[in-house]
Structures are given as structure tokens and as C-alpha cells.
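Visitor: Predicted model, plus sequence, below.
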Amino acid sequence: MHIVITGAGCGIGRKMTHQALARGWQVTATVRHAGTAPDGAEELVADMRDPDGLAQFCAGLQDVDVLVNNAGIIGPARQATLDMDFAGFAETLAVNTLAPLAMAQAVLPHMRAGGRILTISSQMAWMGYAKSDRIAYRTSKAAVNKVMQGLATDLRPRGIAVILIDPGWVRTDMGGPDADEDPAAVAAGILDIAAQDGLAKTGRFLRWTGEERDF
Ligand SMILES: NC(=O)c1ccc[n+]([C@@H]2O[C@H](COP(=O)([O-])OP(=O)(O)OC[C@H]3O[C@@H](n4cnc5c(N)ncnc54)[C@H](OP(=O)(O)O)[C@@H]3O)[C@@H](O)[C@H]2O)c1
């Protein structure tokens, strides 16, 4: 089992990397700073703000079973509909929406039928909420849901599954210390999903526990 995990420098991505190695899987981990991937993982240094540059970083990959698009940012300090940092909004879209698709495109030449592409989205993407706080982040995650839903449609004939994950509210740098979920438990839940034959669930939005949820 060869899994590629983006954003392995900290948070959920780092926990997933350690746990995947402990499961005996081959792990390729992307980080922004050379020498910071966990021992035992193959390191790819890549910045998700440059989606066009990702293909060259992935050119040397071989036989990838699973890609987990985990790297993400919460977005700029000023992200209200009536007071928007547009450069920060664009960066949020680049990292949270465009890079997952660019990573999928970069990895696909190295993935056979049976492969899985998992993308960490958020409950903040849910269209049922009319909340307006952190609207750049909410928008980027709603948009990546739509992108991945379309990718699932396009890859189903090739036998490759595309699944969106809601990790809940997790105690990481992003989620903060008051969040509900233990990052180690969430990482384990995501790896359990990654380990399964995904085609039955392709195009779906799953909680980290595996149950389906609304978009
Ligand atoms: N925590 C939550 O409550 C929560 C809830 C819903 C969804 N999520 C999603 O879960 C995923 C992981 O979040 P987390 O809580 O683990 O956050 P985190 O602790 O802040 O970790 C984010 C990871 O993304 C990487 N990253 C950020 N910008 C990047 C860039 N430009 N290029 C490459 N990598 C970049 C970071 O790299 P560095 O280590 O180099 O900074 C870090 O490894 C994200 O997609 C997030 O949106 C989290």
C-alpha cells in the first residue's frame, strides 16, 4: 500500500503519516520545508500555493494506491463578505481548492484502477449553513466538494474512487485546543477509509468515522 499525504508537517497530516508508517504502508509525505517529513516517509517538498508546479514534484512517484489531499489553510484574518482580503481569499482557493485537483492530476498517471483520492473538506462547506464567518475558508471547501464530485464522475470509468472527508472539529493548530476531536483518532478513521475499496462510496462526502453526510 503506497499512500501520498499532503501537509505532513503538522496536524492531522502528520498523525496520518506516523500511523500509516506504523501500519507498514509506504508513505510519500509532502512538506513545505526540506528535512521535516517524519522518519520513514519519502519526502516531497511542495508548496500548494503553486498548483501549476505540482506535476513536476510528483513526476517520480510510482504505483500510488491512495492520495490524501490534506494540506489546507484557514485563510486571511480579514475574510468577511463586506471586508475581504482578496489576495488572501485567492491564496485560500489556491491551497484548499485548486491544489487538491492539481495533486490528483499529478498523481493519476501513477495510479491504477482501484486507487483512491481522498480530500479533507470541512463541515463548514455545508450549504445548509447560512453562516458568514470565515467565508473564504467556507467557500474554498464548498468549492473543493464540487470539484471532487465532478472528478469522481470522471474517474469512475477508470475504477478510481474520489471521496470527500469531514474530519469534524479537530485539536490541531487550525482547530485550536477547545476542538472536539482527538487528531490521532481522526487520522486513524481517515486511514481506515483509505484502506477500503472506495468505489462504492465514490463521489460521497463522509464523516471521518465513515458514515455518509450531506454536502
Ligand atoms: N482542525 C480542524 O478542526 C479542521 C476541521 C475541518 C477541516 N480541517 C481540514 O483538515 C486539513 C488538515 O488541517 P489541520 O487541522 O491538520 O491543520 P494544520 O495543523 O494547520 O495543518 C495544515 C497542514 O497544511 C500544510 N499547508 C498549509 N499551507 C500549505 C501550503 N501552501 N503548501 C503546502 N502545505 C501547506 C501545513 O504545512 P506546514 O506544516 O508547513 O505549515 C500543515 O502541514 C485541512 O485541509 C483543514 O482545512 C481541519
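Guide: Perfect, thanks for sending it.

Visitor: Would you mind listing what in the protein touches the ligand?
Guide: 7, 9-13, 32, 47-49, 70-73, 95, 120, 122, 167, 169-170, 172-175, 179 (Cβ under 6 Å from any ligand atom). C-beta here means a position set from N, CA and C on the backbone, and glycine is covered the same way.

Visitor: Could you tell me which of those count as buried?
Guide: 7, 9, 11-13, 47-49, 70-73, 95, 120, 122, 167, 169-170, 172, 174-175, 179 (16 or more other Cβ atoms under 10 Å).

Visitor: By mean pLDDT, which helix or strand of this protein comes out lowest?
Guide: helix 54-58 (a mean of 89; mean pLDDT, DSSP states H and E).

Visitor: Show me what residue 170 is bridged to.
Guide: Taking DSSP bridges, one finds residue 181 as the beta-bridge partners of residue 170.

Visitor: who touches it in this structure?
Guide: For residue 170, the contact set (Cβ atoms under 8 Å, 6 or more residues apart in numbering) comprises 11-12, 179-183, 186.

Visitor: ok, now residue 49?
Guide: 91, 94-95, 99.

Visitor: Now do the SS call for it.
Guide: What DSSP: H, G, I helix; E, B strand; the rest coil gives for residue 49 is coil.

Visitor: Now do stretch 28-41: distance from first to last residue.
Guide: 6 Å (Cα to Cα, to the nearest Å).

Visitor: Which parts of that stretch count as buried, going by neighbours?
Guide: For stretch 28-41, by 16+ other Cβ under 10 Å, it's 28-31, 37-38, 41.

Visitor: In strands, which of those fall?
Guide: In strands, judged by DSSP state E, the following of these are found: 28-31.
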